[in-house]
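Visitor: Fold the following for me, if possible:
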Amino acid sequence: MSTAALLDRFALRYAAGARALVGMLTAVAAPFADPPAGPVVTGAVAAALFGWSVAYLFLMRTRPRTWVWVADVAAMCALCLAQPLVVDPVLLLHMLGWVSPVASVAVVALQWHVRPRPGAVAALAVCVAFVAGAALAPGITLAQGLAVGGIWTAVEAALSRLVWRLVHRGGELADERMACRFAAQREAELARARRAEQRAHWATVHDTAASTLLMVGLGGVGGREPWLREQVARDVAALDGAPTPGGCLQDVVRRIAEAARIPVDLGSDGDLWLPGDAAGALGGALAEALENVARHAGTGRARVAAVVDAGRARVTVGDDGCGFDPARVSAGRFGLALSVTERMAGAGGRAVVTSAPGRGTAVRLEWPR
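Guide: Sure thing, here's the model as predicted:
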């Protein structure tokens, strides 16, 4: 629900509550204010006002129909015209009559849940009735009737309409700003998704076709190796976006280790079923880590340990090669950033690279159950 709609809803309830509460309080006090018609007649009028105020509160909170506020305006007009009978002229002249508060609150509250035109007509009707009723009281002139309530009731209605307009406009501005913010968030999320998809594609190209072509270009592959055809087929399938099937951790690690360009000392402890995204991410990151050993370590051999510990799959790739300083890796080198770290993060896992010049490299791949 929008802010403006919430304000409309709460304004209707609280304005109706204020009108009903003031009506009930003034009704209780009315018979004790020395009315000219006596406490019996005034008590009957007050009882009717009290009952209608309770009904008004219930109806405006549950079924706010036009007839409810029209009937309330009619009741206020009748009450204002009856002031010569139910309000002491002395109190009325000193603006202490009990009709004035309920009539004022009625027109003020009305501005918060009707449109400006009917609100203005209703306020004018109550003001005219109040002035007429006051002028009919003994010792009070028309000018005094205007002074003791007519003018102030109109001013109160106008100020109430102004305040409500400011509040409602504030709600509309809040909705507009929230809509702009949500639109900006959606655009940012779409941009992040596009960048993530692009970087995932770069990682796929880097791990498949680019690596295979690099091996061929460097002369490391003669072109007649029995595994080359299968490797090229896997590269094409990956570039076409073929989904990676799930599999057991040990099977995934064994398959990647057997396809590596260097000998791998493989150790394992426990097994865990990996869904397709986790199997693809862990397999791709492992293949890239082994490829980095083959290209950069200078040892020609790697160690791989696959362990399942407390429901978490952990694969560690280590070598005793020349090592490097991770902080000094160029931003243009995508192997660790895209093919290992971001790939594992995209599947809900993580990758930790530990290395130092002359001390070898260890890459730890983790994926929670």
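
Visitor: what packs against the helix or strand encompassing Glu156?
Guide: Following DSSP states H and E, one finds Glu156 within helix 151-207. Using 3 or more Cβ pairs under 8 Å, 6 or more residues apart in numbering; DSSP states H and E as the contact test, the elements touching helix 151-207 are helix 3-29, helix 99-110, helix 116-136, helix 226-239, helix 276-292, helix 334, helix 343-346. In this view, the C-beta of every residue, glycine as well, is placed from N, C-alpha and C.

Visitor: Can you flag the weakest of the ones you listed by average pLDDT?
Guide: Among these, helix 334 has the lowest mean pLDDT, at a mean of 51.

Visitor: Reformat the helices and strands packed on helix 151-207 as TSV; add distance to Val304.
Guide: Formatted as TSV, the helices and strands packed on helix 151-207 follow (distance: least, Cβ to Cβ, whole Å):
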stretch	distance to Val304
helix 3-29	57
helix 99-110	77
helix 116-136	77
helix 226-239	18
helix 276-292	7
helix 334	22
helix 343-346	16
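
Visitor: Nearest approach to Ala46 belongs to which of those?
Guide: Between Ala46 and the helices and strands packed on helix 151-207, the tightest spacing by Cβ to Cβ is seen for helix 3-29, at 4.1 Å.

Visitor: So what angle separates the directions of the closest one and helix 151-207?
Guide: On the basis of axes from the mean of the first three to the mean of the last three Cα atoms, to 10 degrees, helix 3-29 is oriented at 150 degrees to helix 151-207.

Visitor: Tell me the first helix or strand C-terminal of helix 3-29.
Guide: helix 38-62.

Visitor: Quick one: mean pLDDT for that following helix?
Guide: 91.

Visitor: ok, and for stretch 91-107, which residues are buried?
Guide: 91-93, 97-107 (16 or more other Cβ atoms under 10 Å).

Visitor: Nearest to Asp277, out of the residues you listed: which one, please.
Guide: Val105 (63.9 Å).

Visitor: ok, Arg65 - contacts?
Guide: Leu59 (Cβ atoms under 8 Å, 6 or more residues apart in numbering).

Visitor: repeat for Val28
Guide: Residues in contact with Val28 (Cβ under 8 Å, 6+ apart) are Ala46, Phe50.

Visitor: Per-residue pLDDT of Ala242, please?
Guide: With respect to pLDDT, Ala242 has a value of 56.

Visitor: quick revisit: who wins for proximity to Ala143 among the helices and strands packed on helix 151-207?
Guide: helix 116-136 (8.8 Å).

Visitor: packing partners for the closest one?
Guide: Using 3+ Cβ pairs under 8 Å, 6+ apart, helix 116-136 sits against helix 66-81, helix 83-86, helix 99-110, helix 142-145, helix 151-207.

Visitor: ok, now with 10 Å
Guide: helix 66-81, helix 83-86, helix 89-93, helix 99-110, helix 142-145, helix 151-207 (3 or more Cβ pairs under 10 Å, 6 or more residues apart in numbering; DSSP states H and E).

Visitor: Which strands and helices lie in contact with the fifth one?
Guide: I take that to be helix 142-145. Under the contact criterion of 3+ Cβ pairs under 10 Å, 6+ apart, helix 142-145 touches helix 89-93, helix 116-136.

Visitor: Give me the phi and psi angles of Ser355.
Guide: phi -160, psi 160 (degrees, to the nearest 10).

Visitor: Just list the residues touching the nearest residue to it once chain neighbours are set aside, thanks.
Guide: Distances taken as Cβ to Cβ, 6 or more residues apart in numbering put Thr361 closest to Ser355, at 3.9 Å, once the chain neighbours are dropped. Counting by Cβ atoms under 10 Å, 6 or more residues apart in numbering, Thr361 makes contact with 289, 292-293, 296-297, 299, 302, 317-324, 326, 336, 353-355.

Visitor: change it to 6 Å
Guide: The contact partners of Thr361, taken as Cβ atoms under 6 Å, 6 or more residues apart in numbering, are Asp319, Gly323, Ser355.

Visitor: is it in a bridge, and if so with what?
Guide: Asp319, Ser355 (DSSP bridges).

Visitor: Quick check: it vs Arg301, distance?
Guide: 13 Å (Cβ to Cβ, to the nearest Å).

Visitor: Then Ala279?
Guide: Ala279 is 25 Å from Arg301, by Cβ to Cβ.

Visitor: higher neighbour count, these two?
Guide: Ala279 (21 against 14; other Cβ atoms under 10 Å).

Visitor: ok, that one touching Gly247?
Guide: Yes. With contact defined as Cβ atoms under 6 Å, Ala279 reaches Gly247; the gap is 5.1 Å.

Visitor: Dump stretch 260-268 to CSV, keeping only the CA atoms.
Guide: Taking Å, rounded to 0.1, in the frame of the first residue of the first chain, the C-alpha atoms of stretch 260-268 are listed here in CSV:
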residue,chain,number,x,y,z
ALA,A,260,45.0,-32.1,-16.2
ARG,A,261,48.2,-31.5,-18.2
ILE,A,262,50.4,-32.4,-15.2
PRO,A,263,50.6,-35.4,-12.9
VAL,A,264,48.3,-35.0,-9.8
ASP,A,265,48.7,-36.7,-6.5
LEU,A,266,45.1,-37.3,-5.5
GLY,A,267,43.9,-37.9,-1.9
SER,A,268,40.3,-38.1,-0.7
